[in-house]
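Participant: For reference, the sequence and a predicted model appear below.
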Amino acid sequence: MFKRLLERFRRDRGVRKATVQIDFFNQNLVTPGITWYQSQDRQADTVTLIVYLYARILYELAELNEVRVARELMDFVHRVSQRVMTDTGPPGRPQLPLGQLRLAPAPAAPAVRSYRTDFYQLRDGNYLLDFQGALGQESFYLPGGFLALLQSCLNNLDDEPLTQLARGLGRIHHYYRYRRDFWDGASLNAAPVFALGTEELHPEEPE
């Protein structure tokens, strides 16, 4: 019976589109990577994936009582998104200060810490993340890992999807500014849906 329930749970998760793997190595090396299984447009799907993962990172930090770290990450990412967005010409591609971490190809040695996220598309078109990670010092590694992944996007996305990503990150900050609920499980879907859409929020709306 348990086996049948487990198989049903797996079916209900929908189609696994991608896996994000962020590995940390000795000497403060970090290697982010995305493995795609199903995608008709990987660049556009990367935008969706990063926005959903960002909401999950903020949620995880809040769950760990690291709301201050979450807000600092939001402030920094907001500044990055503003630098990417330009009035004319191609988007900006800043080099992010990663502090002690260094973005690098994976060395031969095994990782000392890893975060893995499986990205699913459900039957109704919504998305789901299955997030797994090591315990301890998350207030450093969670934001550091996300910023390393963001730098990879800055380096590799084409101009149009990079602009869309910057817009989505800016909109998710707009959502949290008025809703203030990145610690609420409902925001794991609602915030990215808003960020990737065109709906507008106004200050007079209830928070």
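Facilitator: Received the coordinates, thanks.

Participant: going forward, measure contacts between C-alpha atoms and count neighbours the same way
Facilitator: Will do.

Participant: and the closest residue to L154 other than its chain neighbours, what helix or strand is that in?
Facilitator: Once flanking residues are discounted, L154 sits nearest to R93: 5.5 Å by Cα to Cα, 6 or more residues apart in numbering. Here R93, judged by DSSP states H and E, is contained in no helix and no strand.

Participant: From G145, how far out is R93?
Facilitator: 18 Å (Cα to Cα, to the nearest Å).

Participant: low-scoring pLDDT stretches of this structure, where are they?
Facilitator: For the chain, the stretches flagged by pLDDT under 70 are 1-13, 180-182, 201-207.

Participant: Tell me which stretches of it form helices.
Facilitator: Under the criterion DSSP state H, the chain carries helices at the ranges 2-12, 42-63, 67-84, 138-156, 159-179, 187-195.

Participant: how close does G125 sit to W36?
Facilitator: For G125, the distance to W36 equals 18 Å [Cα to Cα].

Participant: Between the two, which has more neighbouring residues?
Facilitator: Each of G125 and W36 has its neighbours counted (other Cα atoms under 10 Å); W36 has more, 15 against 9.

Participant: my guess is the more buried one contacts K17, does it?
Facilitator: Yes. Using Cα atoms under 8 Å, W36 is in contact with K17, at 6.0 Å.

Participant: my read: S139 touches R68, true?
Facilitator: No. S139 is not in contact with R68 according to Cα under 8 Å; the separation is 9.5 Å.

Participant: With neighbour numbers in mind, choose between the two.
Facilitator: More crowded of S139 and R68, by other Cα under 10 Å: S139, with 18 against 12.
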